[in-house]
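1. with the sequence up front, the predicted model follows.
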Number of protein chains: 6
Amino acid sequence: MKRVLLINPNSTASMTESMLASARSVAPHVAFTGWTSTDGPPAIQGEADGKLAEPPLLELVTRAGADFDGIIIGCFDDTGLAAANGIAGCPVIGIGQAAFTMAMLRGLPFSVVTTLSVSVPVIEQNIRGYGLTPWMRRVRASELSVLETEDESDAAMGRIADEASLAVAQDGCGCIILGCGGMSRLAEAVRSRVSVPVLDGVEAAARLIGALG
Amino acid sequence: MKRVLLINPNSTASMTESMLASARSVAPHVAFTGWTSTDGPPAIQGEADGKLAEPPLLELVTRAGADFDGIIIGCFDDTGLAAANGIAGCPVIGIGQAAFTMAMLRGLPFSVVTTLSVSVPVIEQNIRGYGLTPWMRRVRASELSVLETEDESDAAMGRIADEASLAVAQDGCGCIILGCGGMSRLAEAVRSRVSVPVLDGVEAAARLIGALG
Amino acid sequence: MKRVLLINPNSTASMTESMLASARSVAPHVAFTGWTSTDGPPAIQGEADGKLAEPPLLELVTRAGADFDGIIIGCFDDTGLAAANGIAGCPVIGIGQAAFTMAMLRGLPFSVVTTLSVSVPVIEQNIRGYGLTPWMRRVRASELSVLETEDESDAAMGRIADEASLAVAQDGCGCIILGCGGMSRLAEAVRSRVSVPVLDGVEAAARLIGALG
Amino acid sequence: MKRVLLINPNSTASMTESMLASARSVAPHVAFTGWTSTDGPPAIQGEADGKLAEPPLLELVTRAGADFDGIIIGCFDDTGLAAANGIAGCPVIGIGQAAFTMAMLRGLPFSVVTTLSVSVPVIEQNIRGYGLTPWMRRVRASELSVLETEDESDAAMGRIADEASLAVAQDGCGCIILGCGGMSRLAEAVRSRVSVPVLDGVEAAARLIGALG
Amino acid sequence: MKRVLLINPNSTASMTESMLASARSVAPHVAFTGWTSTDGPPAIQGEADGKLAEPPLLELVTRAGADFDGIIIGCFDDTGLAAANGIAGCPVIGIGQAAFTMAMLRGLPFSVVTTLSVSVPVIEQNIRGYGLTPWMRRVRASELSVLETEDESDAAMGRIADEASLAVAQDGCGCIILGCGGMSRLAEAVRSRVSVPVLDGVEAAARLIGALG
Amino acid sequence: MKRVLLINPNSTASMTESMLASARSVAPHVAFTGWTSTDGPPAIQGEADGKLAEPPLLELVTRAGADFDGIIIGCFDDTGLAAANGIAGCPVIGIGQAAFTMAMLRGLPFSVVTTLSVSVPVIEQNIRGYGLTPWMRRVRASELSVLETEDESDAAMGRIADEASLAVAQDGCGCIILGCGGMSRLAEAVRSRVSVPVLDGVEAAARLIGALG
């Protein structure tokens, strides 16, 4: 049984738990472990937070040593992904990278619905860096904060589904990508409200990490 | 246990067997079945052969019905991939598509070493179609025919390794992709002769197909 | 006088006739012959239909032998184009390929108005495959079926013109491409309703095929 | 019968004649007229010459008025093409633009063999401007001057064929484009020495101009 | 102190003055001189005007000789930029080129708000030519003429700000570029009305020209 | 007088000094200060070193506070650039980013000559991320280590010049970019040995940083 470590680079443990649940639901034969980067910021929104998140994240990657067959960086910005790849003893995937790749494999141009505007340039830079610009239609901010996506009420889901519906109407996209690890737990609910496939990075990474090993 | 069907769209059964062996070696927990398209041409080299191969291949896809969790098209040209996706009841992946995707996931620009020059435009058209041109350095013909790759002597391997070494020296590529299903059985031998990672489409597809389900 | 064969890969003979009329109107000095693929599906919408259409289409290409100076594939999906090129004894052009090329030659970024959503990914894959993504603004579905475009009433034309007008308003395109052979007979009417050039693939192919010979 | 004006923007009349001969050989049913821009520089090599060539060229375009059905700019740099399109009463095509388009229509990635290094950035800028970068492999200078291509001896042809052969060996191109109007008369001779299709811009423009009208 | 010449290729002297004022406000330590191309058209809108503007512009570039350390072409179409670079004795930059580059350096995808629709294809061709398509979201026409941007009333500013706001709402852009030299004097006013950075080509060129010397 | 801080993210102070000298030689009116990241690794080669370098680098950026008008990250990998931009109170530029931009502004496709192979994927990822792939010809490793570039003998310069000459001969590039801050002091010597412009990132950044303020 493959052992995969999901590292949440922010310090919000409830988000680690909801990402683990998503991962397990789509890859039941993988043994997932979740680590929360307790020295990271409570949320990662834009480059300023990324800076705070990266050093403790990379320490966790180092500590993982040879204990795992794969590592998932549980932040849609793919924080520290290249550096983690350089030091890990096993394959590493980011949930942003995984989601974009899955859309490409399925032949679907994508729009992303993320949290705040401050995250949009980081995500677009990553998509260009992976060479996947031909598949990108638009990266949209829902203007929900990362922590608001954790809100138990339906308000967050409604806001995300509304922005996703706008994307379907305006962008010419063939699927929607949820652009934040915290949205993973809302994936099913959003799916029931949107007419095109809705891809979640945590699910995509949980499916793809085994293929890299 | 996932059941995956590998369809060889050409009629050379020995190639089906060698592709199955490669697939099983990297994905031991998947139950692979191999079908040979006995009404296909003995080899697929260029578009003229592709035309002969596609109808019987698609018949096999139809016959697969609901018996499998995934289908691999075992031809590097990804013959009939889009059409197969339209009629299959499960995800379908091509071995060319799988190899290009794996290179991108690992961050490695690639050169392809394929069989004859006649196959080069088909492969380049596919790479453009997947939007992965930024990762392509060069598609090279070894001028070995598909059936010569089945040759048991070391000559075929030597020719492929030589072309791969040229690619490393001249193209600025970070990995080599073996551009024919028949080369899969030579992957380990080529690896021992080349200084960069050597990706094989059959192995890549065997790893990725489970992620799509 | 050049002899050009227009093959309609679907079995709807009225569509063959209307495409012939369009071709003749823009290239009066070419001798056009129209063949209907009677063993094809009544319409081609998405990859599933493409699969059914391709084998009988390629049989017609083979039968054409040396009797023609050029062949036009009369389906906007460019069904079987690469395979046809491999077996024909003369140049072959697809009406999608022709329309995209004409827009590029005229320096006009384009939006496509096609029939159903199921055709959008096929068309986008083709545009990427031809390397013409920088000219594509958006591929839009009018949600008219192929056969509805044959409707003699004005409803079809109105729906297409409405979607084209939306494209002009929202996409930043410099021209509209009609994304179905069945829309060819409506080209003039749509032109009277839209403020930018309206390109029709049948017309474009009829003009360009002579240049390839 | 279509009347097409070929304007040579340099003042070397012998080059006008050789381009006309090439045009007529591939499009015998078009009535070609050739004008030499007697106020232009004797050859156009790089942007400095382009500046001198453009104003008298555009005067000729204006003088052409309504007397022609199409205009070919007979310089591989496509000197003044956009401006000519703005003032001409008929379609205008450049021989560079025509050659790149023909390669794309035939599905062939291209390398260009042009005259001097000073012309390379202009040609590459044009290829990017037409959005055809995915088809470009390399623009190579033969270091023959434009006027040396007019040399009756075999030396010029030999130098061009040598550079073309290097391109075939090193660039992964599927065809060679002759990157100067003055090379048009050498096209057949180069073809006999090179293993891939050799495209000539004058021939390509002579074939395509009728399609634009 | 660096001496920089700003050449306005149109004959409207008030526009030269307003561009000079913008340049001086952002680069106070540069000695700017402004020349108006009195033989140029009163405004440059589309390729037809560009043709009239280029020869007298290039004469001014020649006359500048060795008197300056840098030249700015004060037209957003970058009229004659390549030719000017070939003949000038110092670096030359265009205000369009400068604005696109500044957006890229700051990591911001851009939409352009320009004057009339006729200018859109010229600007898009330039952006493709500079290879910066991945940063372009949309080039929008405000349908204000160049001379209307000189209007002292608030109407012009309002129209530009409205179109810029539409771009922010619809295009997914991270900044707005003012697509006409005549809009430079309105930059501050537009900034107060738009929620993203507003880049002006004159300011960008005034900042960058010193870096090229 | 503008105050610009050049931060060397590795701990080798002699490299800081040689970069400062390069910067001052091309931008004499800027007041450059150099800081060496004494807690960084002695050299940055690949992602593993990047990880060690980033946190102390970002601490220096924070410490810079409001004391400077611009910051240059003196590492060709542009280590921590995006994060630095997020926290700095002034514009930040990387020497890799600056060199690529300068090549684009001058219209020159580039090849990079860097240190070890391990740095190639990082540099290529950055170039894709800036959207400048159309200008990249090849990123080449000289297989000199960063510290060997500091060698006072001519051996390092010779190795770099040899690789640069190979690039000119094989890549179709219009300029060479020196791909390491430590190569800056060799720029003049390499220039005397290579037939195309040689761009140095430190010089480029020293020229461009003032434009961003």
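-> Looks like it came in fine. Numbering: from 1, shown residues only, chains lettered A, B, ... in the order given.
2. tilt between the longest helix that chain A contains and helix F:47-64?
-> Longest helix in chain A, counting residues (DSSP state H): helix A:47-64. For helix A:47-64 against helix F:47-64, the angle by axes from the mean of the first three to the mean of the last three C-alpha atoms, to 10 degrees is 140 degrees.
3. does stretch A:206-213 come close to chain F?
-> No - Stretch A:206-213 is not in contact with chain F by C-beta under 8 Å from any C-beta of the partner chain; minimum separation 15.9 Å. (Glycine included, C-beta is placed from N, CA and C.)
4. is that stretch in proximity to chain B?
-> Yes - Stretch A:206-213 is in contact with chain B by C-beta under 8 Å from any C-beta, via A:207, A:208, A:210, A:211, A:212, A:213.
5. next one: phi and psi at the fifth one?
-> When read as degrees, to the nearest 10, the backbone of residue A:212 gives phi -90, psi -10.
6. what's the answer for the second one, then?
-> When read as degrees, to the nearest 10, the backbone of residue A:208 gives phi -90, psi -30.
7. interface residues of chain A facing chain C?
-> A:107, A:108, A:109, A:134, A:170, A:172, A:174.
8. want to throw the residues you listed into a markdown table with pLDDT?
-> Listed next are the residues of chain A next to chain C as a markdown table, based on pLDDT from 0 to 100:
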| residue | pLDDT |
| --- | --- |
| A:107 | 88 |
| A:108 | 91 |
| A:109 | 93 |
| A:134 | 88 |
| A:170 | 89 |
| A:172 | 88 |
| A:174 | 92 |
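9. related to what we said a few turns ago, farthest pair within the residues of stretch A:206-213 next to chain B?
-> A:207 and A:213 (12.8 Å; C-beta to C-beta).
10. who's more crowded, the two?
-> With neighbours defined as other C-beta atoms under 10 Å in any protein chain shown, residue A:207 and residue A:213 compare such that residue A:207 has more, 20 against 13.
11. give me the phi and psi for the residue lying closest to that one once chain neighbours are set aside.
-> Nearest-residue entry for residue A:207: residue B:211, 3.9 Å, with adjacent residues in sequence omitted and distances by C-beta to C-beta, 6 or more residues apart in numbering or on different chains. Backbone dihedrals for residue B:211, given as degrees, to the nearest 10, come out at phi -70, psi -20.
12. burial count for residue B:211?
-> So residue B:211, with other C-beta under 10 Å, has 24 neighbours.
13. how far away is it from residue C:118?
-> Residue B:211 is 24 Å from residue C:118, where distance means C-beta to C-beta, to the nearest Å.
14. for the residue lying closest to residue A:91 once chain neighbours are set aside, give me its contacts.
-> Spatially, and ignoring its direct neighbours in sequence, residue A:91 is nearest to residue A:212 (3.7 Å; C-beta to C-beta, 6+ apart). Residue A:212 makes contact with A:70, A:91, A:93, B:102, B:105, B:106, B:207 under the criterion C-beta atoms under 8 Å, 6 or more residues apart in numbering or on different chains.
15. farthest-separated two in those residues?
-> Longest span within the contacts of residue A:212, C-beta to C-beta: A:70 and B:102, 14.3 Å.
16. does whichever residue of chain A sits closest to chain C sit in a helix or strand, and which one?
-> Ranked by C-beta to the nearest C-beta, the top residue of chain A for proximity to chain C is residue A:172, at 4.2 Å. For residue A:172, there is no helix or strand it lies in under DSSP states H and E.
17. pretty sure it sits against residue C:140.
-> Yes - using C-beta atoms under 8 Å, residue A:172 is in contact with residue C:140, at 6.9 Å.
18. and residue A:155, how many neighbours does it have?
-> Residue A:155 has 11 nearby residues by other C-beta under 10 Å.
19. quick check: neighbours shared by residue A:172 and residue C:140?
-> Common neighbours of residue A:172 and residue C:140 (C-beta under 8 Å, 6+ apart) are residue C:120.
20. which bits of chain A sit near chain F?
-> Residues of chain A lying near chain F (C-beta under 8 Å from any C-beta): A:46-48, A:50-51, A:54-55, A:58, A:80, A:82-83, A:85-87, A:122, A:125-126, A:128-131, A:133.
21. so the residue nearest to residue A:207 is in contact with residue A:210, correct?
-> Yes - Residue B:211 lies in contact with residue A:210 (C-beta under 8 Å); the separation is 7.0 Å.
22. mutual contacts of the two, please.
-> Counting by C-beta under 8 Å, 6+ apart, residue B:211 and residue A:210 have no common neighbour.
23. what separation do you get for the spatially closest residue to residue A:77 that is not a sequence neighbour and residue A:139?
-> Spatial nearest neighbour of residue A:77, chain neighbours left out: residue A:122 (5.1 Å); criterion: C-beta to C-beta, 6+ apart. As defined by C-beta to C-beta, residue A:122 lies at a distance of 9 Å from residue A:139.
24. likewise for residue A:1?
-> 36 Å.
25. got it, and residue A:52?
-> 23 Å.
26. of the two, who's got more company?
-> Taking neighbours as other C-beta under 10 Å, residue A:52 and residue A:139 compare with residue A:139 leading, 25 against 22.
27. I'd say that one and residue E:174 touch.
-> No - Residue A:139 lies out of contact with residue E:174 (C-beta under 8 Å); the separation is 10.0 Å.
28. anything in contact with each of the two?
-> residue A:120.
29. now do the same contact list for the residue in chain A positioned nearest to chain D.
-> Closest approach between chain A and chain D, counting by C-beta to the nearest C-beta: residue A:134, at 10.1 Å. By C-beta under 8 Å, 6+ apart, the residues touching residue A:134 are A:109, B:131, C:128, C:133.
30. now render those residues as a markdown table, adding secondary structure.
-> Formatted as a markdown table, the contacts of residue A:134 follow (DSSP: H, G, I helix; E, B strand; the rest coil):
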| residue | secondary structure |
| --- | --- |
| A:109 | coil |
| B:131 | coil |
| C:128 | helix |
| C:133 | helix |
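31. drop anything exposed from those.
-> When the contacts of residue A:134 are checked for burial by 16 or more other C-beta atoms under 10 Å in any protein chain shown, the buried set is A:109, B:131, C:128, C:133.
32. does the first one touch residue A:172 like I think?
-> Yes - A contact is recorded between residue A:109 and residue A:172 when judged using C-beta under 8 Å, the distance being 6.9 Å.
33. which residues are in contact with each of those two?
-> Common neighbours of residue A:109 and residue A:172 (C-beta under 8 Å, 6+ apart) are residue A:137.
34. can you list the domain ranges for chain A.
-> Here the domain parsing of chain A from automatic domain parsing is A:3-94+A:203-212, A:96-201.
35. quick one: the strands in chain A?
-> A:3-8, A:31-36, A:70-73, A:92-94, A:110-114, A:136-141, A:175-179, A:198-200 (DSSP state E).
36. got TSV for those, with mean pLDDT and distance to chain B too?
-> Listed next are the strands of chain A as TSV, based on pLDDT from 0 to 100; distance: least, C-beta to the nearest C-beta, whole Å:
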stretch	mean pLDDT	distance to chain B
strand A:3-8	97	13
strand A:31-36	96	13
strand A:70-73	96	12
strand A:92-94	96	7
strand A:110-114	97	11
strand A:136-141	94	10
strand A:175-179	97	14
strand A:198-200	97	12
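37. distance to residue D:165 for these - can I get that in JSON lines?
-> Listed next are those as JSON lines, based on distance: least, C-beta to C-beta, whole Å:
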{"stretch": "strand A:3-8", "distance to residue D:165": "52"}
{"stretch": "strand A:31-36", "distance to residue D:165": "57"}
{"stretch": "strand A:70-73", "distance to residue D:165": "48"}
{"stretch": "strand A:92-94", "distance to residue D:165": "45"}
{"stretch": "strand A:110-114", "distance to residue D:165": "44"}
{"stretch": "strand A:136-141", "distance to residue D:165": "40"}
{"stretch": "strand A:175-179", "distance to residue D:165": "47"}
{"stretch": "strand A:198-200", "distance to residue D:165": "48"}
